[in-house]
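A.B. asks: Got a predicted structure plus its sequence, pasted below:
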Amino acid sequence: ELSSFYDCKFLKRLDFSHNNNISDIGLNTLFAVIGEKCPYLQEIYLSNLASITNLTCTIIYKFYSLFGEHTRLKVVVLNRNKFIDEEGINILNDLFKNNVIDIGDNVRFFVAQCRISQELLYSNSWDHRIKLEMSDRIH
């Protein structure tokens with residue numbers, strides 16, 4: 001139950017990278033808590049997680065659909081997740097195409113070294129805020 005979590009008003013950055021115990025199901029709960037209790041979170045790092053999939057991208061889409069106007073989460077780093085592929089990145093891109101995220105919000109998704117074909121890697125078919133270069137830390 002989300003009411004058992006404390007408000008994390010001062011939390012600005014979370015890093016769960018390289019944690020093999022994180023799953024899509026866990027991230028569903030985490031993003032619900034962030035939406036309800038962490039309005040000032042600015043960055044989340046979810047790189048090199050062993051088992052997250054495109055479902056995580058759907059969870060992120062749902063998060064911005066529900067909490068987009070009330071969150072300050074501007075950086076989501078998903079680098080090196082081998083089970084996130086073009087389908088997942090298309091879901092993230094739909095956040096921009098469907099105007100779920102306003103063009104002025106400066107939200108960026110980093111998806112370097114996910115499972116992307118070379119053809120799509122250079123096609124520039126995604127919004128410019130979908131970043132394909134490595135970025136382990138954003139400041």
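C.D. replies: Here it is on my side, so go on. Numbering: from 1, shown residues only.
A.B. asks: Please, which helix or strand holds the spatially most central residue of the chain?
C.D. replies: By CA atoms, centre = their mean, the chain has its centre lying nearest to Val76, at 3.9 Å. Element membership of Val76, judged by DSSP states H and E, is strand 75-77.
A.B. asks: in the sheet, who's paired with the residue nearest to the centre of the chain?
C.D. replies: Beta bridges link Val76 to Ile44, Phe109, judged by DSSP bridges.
A.B. asks: For it, give its distance to Phe16.
C.D. replies: Distance, Val76 to Phe16, by CB to CB, to the nearest Å: 12 Å. All C-beta atoms are positioned from the backbone trio N, CA, C, and that covers glycine.
A.B. asks: any common contacting residues for the two?
C.D. replies: 44, 46 (CB atoms under 8 Å, 6 or more residues apart in numbering).
A.B. asks: what's the offset of the strand holding Val76 from the middle of its chain?
C.D. replies: Chain-centre distance of strand 75-77: 5 Å, with CA atoms, centre = their mean, to the nearest Å.
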